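Undergrad: from the sequence below, what's the structure:
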Amino acid sequence: MLRRTKIVATLGPASERPKTLRKMIKSGLDVARLNFSHGSADEHRQRTRRLRKAAEDCGRDVGLLGDLQGPKIRVMRFKRGSVRLSSGDAFFLDSTLGLNDGSGKGVGVALETLHRDVSPGDTLLLNDGLISLHVDSIDGTRIHTTVVDGGILSDHKGINLKGGGLSAPALTNVDRENIKLAAELGIDFLAVSFVRSGDDIEEARRLFEQAGGTGQIVAKIERTEAVENIDSIIAAADVVMVARGDLGVEMGYAGLTGIQKGLIRKTRKAHKIVITATQMMESMIENPIPTRAEVSDVANAVIDGTDAVMLSGETAVGNHPNKAIKAMASVCIGAEKYQLPHASPQHVRDDFSRVDQAIAMATMYTANHLSVKAIIAMTESGSTARWMSRVRSDIPIYALTPHAATSRRVCLYRGVYPVEFDIDASHAIDLGKLYQEIFNALLRDGLVRPADLVIITKGDLTGVTGSTNAMKILTVTEPA
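TA: The predicted structure is shown next:
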């Protein structure tokens, strides 16, 4: 059984050796993530080179996602590295305090406008919500608070405002430099952190394209404002990532599962791609197997229709990066068995604005009501395959394309598998030759069998994006 849900895994010190990368790819890695919050530009260049080489060695296409740091609002440093805060303690935050002058009385913060974003009665959450502070008063740049839930607070821990509302822009100067690096590296997906609206996505896309980038833009949903403006964000982005860490801190964990399900549903309905991320198998940073709760978490995201699930620290710094990939793949396959196959397309009630979109929906309706073994989408950009993948089905979609970038892009699409295939002028004259060569390529890789019924979609104009205008039902024949 082919696994339809894709796996994104973060590269880091635990997963940068060529041997480890090859194991991860063979175990099911589909898209590798570079976290620009950690590591230098040269380290990211080295990891990219190693990944590309490992993928080539394995004969696989693997996408590459670059994740911008964004305006993660953090406390500055303490004189002794950390302090212990207890419930009832008075504690202040002040953007004008020295960078290294933090103490048990207060600490500096990286956001100069923090004092203008909060009001008495607000709750500030530090260190992923483990420490909470009640805002008592504001005196100039100094925010006076009382500790509600205490704990150890160390250098550079994050700050969230419960309910959202911090004014930091989505793109920092560091992000702008990393966008240039992402373009240089040929990143397939650029993830924008702490998005507030569709305007943030448009700005990132403009900067990426100006730098020569051609990849797709991923909107990370981790702010209250992002959920409130989700329609404009989905419209502007190519991919949505449900980044449950900061989102859970800002909006509260009790409602997070419902928010996640709603985001997956909305994104798929808009024909976009969705990734579910953060702490999916966190215990595997240390342990060789996931917890039952983690298995259920991943399985529920799969059943809800997420295109991909993501591993972070599990593969970046964990003790078992390859085992984490294997465990994730196994859970995905197990969950996919319990989905209803051959579902009728929900989008058949939609009005189509493009011919290739109409062909994609007609193909899926036909495939789900006929004994079709495979769908073969001849595609320039991957759009036809993406639209097909929005329809629930257990029929594999093979995206045949001459472009390596498109092959890597569809690695993120649920139920879509790239097959590099060159088209020449003779194929327009002799369609029989074209179809047989397609069959030969798929037979060679064991993707179809002789006598299988398949659907092929194609366009009349070779090399033109969006020209798919025909579907054909064929029976696979053996090489002549």
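Undergrad: only C-alpha atoms for contact and neighbour calcs from this point on.
TA: OK.
Undergrad: wait, what's in contact with Pro13?
TA: By CA atoms under 8 Å, 6 or more residues apart in numbering, the residues touching Pro13 are 316-317.
Undergrad: low pLDDT regions in this structure?
TA: 1, 339-350, 425-429, 461-466, 480 (pLDDT under 70).
Undergrad: any idea whether Ile289 is helix, strand or coil?
TA: coil (DSSP: H, G, I helix; E, B strand; the rest coil).
Undergrad: for Asp351, same thing?
TA: Under three-state DSSP, Asp351 falls in the coil class.
Undergrad: that one: how many residues sit nearby?
TA: Burial measure for Asp351: 9 neighbouring residues, criterion other CA atoms under 10 Å.
Undergrad: distance of it relative to Met361?
TA: Computed as CA to CA, to the nearest Å, the Asp351 to Met361 distance reads 11 Å.
Undergrad: go on, Phe208?
TA: Note on Phe208: its distance to Met361, by CA to CA, is 31 Å.
Undergrad: next: Thr48.
TA: Distance, Thr48 to Met361, using CA to CA: 36 Å.
Undergrad: what does Met281 give?
TA: Remark: distance between Met281 and Met361 (CA to CA) = 35 Å.
Undergrad: more crowded one of the two?
TA: Neighbour comparison, Met281 and Met361: the larger count goes to Met281, with 27 against 24 (by other CA under 10 Å).
Undergrad: my read: the more buried one touches Glu294, true?
TA: Yes - contact criterion CA atoms under 8 Å: Met281 and Glu294 qualify, at 5.5 Å.
Undergrad: okay, how far is it across stretch 338-352, tip to tip?
TA: Counting by CA to CA, you get 31 Å between the two ends of stretch 338-352.
Undergrad: how far off centre is stretch 380-394?
TA: Between the centre of stretch 380-394 and the centre of its chain there are 17 Å (CA atoms, centre = their mean, to the nearest Å).
Undergrad: just the C-alphas of it, formatted as CSV.
TA: Extracted as CSV, the C-alpha positions of stretch 380-394 are listed here (Å, rounded to 0.1, in the frame of the first residue of the first chain):
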residue,chain,number,x,y,z
GLU,A,380,4.1,21.3,-16.2
SER,A,381,3.5,23.0,-12.9
GLY,A,382,1.8,20.2,-10.9
SER,A,383,-1.5,22.2,-10.7
THR,A,384,-3.6,19.4,-12.2
ALA,A,385,-2.2,16.9,-9.8
ARG,A,386,-2.8,19.3,-6.9
TRP,A,387,-6.5,19.7,-7.7
MET,A,388,-6.9,15.9,-8.1
SER,A,389,-5.3,15.4,-4.7
ARG,A,390,-8.1,17.6,-3.0
VAL,A,391,-10.5,14.7,-3.6
ARG,A,392,-10.6,11.9,-1.1
SER,A,393,-9.4,8.7,-2.9
ASP,A,394,-7.1,5.8,-2.5
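Undergrad: in it, what counts as buried?
TA: Within stretch 380-394, the residues scored as buried using 16 or more other CA atoms under 10 Å are 380-394.
Undergrad: just the ones in helices from these, please.
TA: Mapping the buried residues of stretch 380-394 onto helices (DSSP state H) picks out 383-389.
Undergrad: could I get these in CSV, plus columns for distance to Tyr435?
TA: Shown next, in CSV, are these (distance: CA to CA, whole Å):
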residue, distance to Tyr435
Ser383, 21
Thr384, 18
Ala385, 18
Arg386, 22
Trp387, 23
Met388, 20
Ser389, 22
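Undergrad: mind checking the SS state of the most centrally placed residue in the chain?
TA: For the chain, the residue nearest the mean C-alpha position is Ile275 (4.1 Å; CA atoms, centre = their mean). The three-state label given to Ile275 by three-state DSSP is strand.
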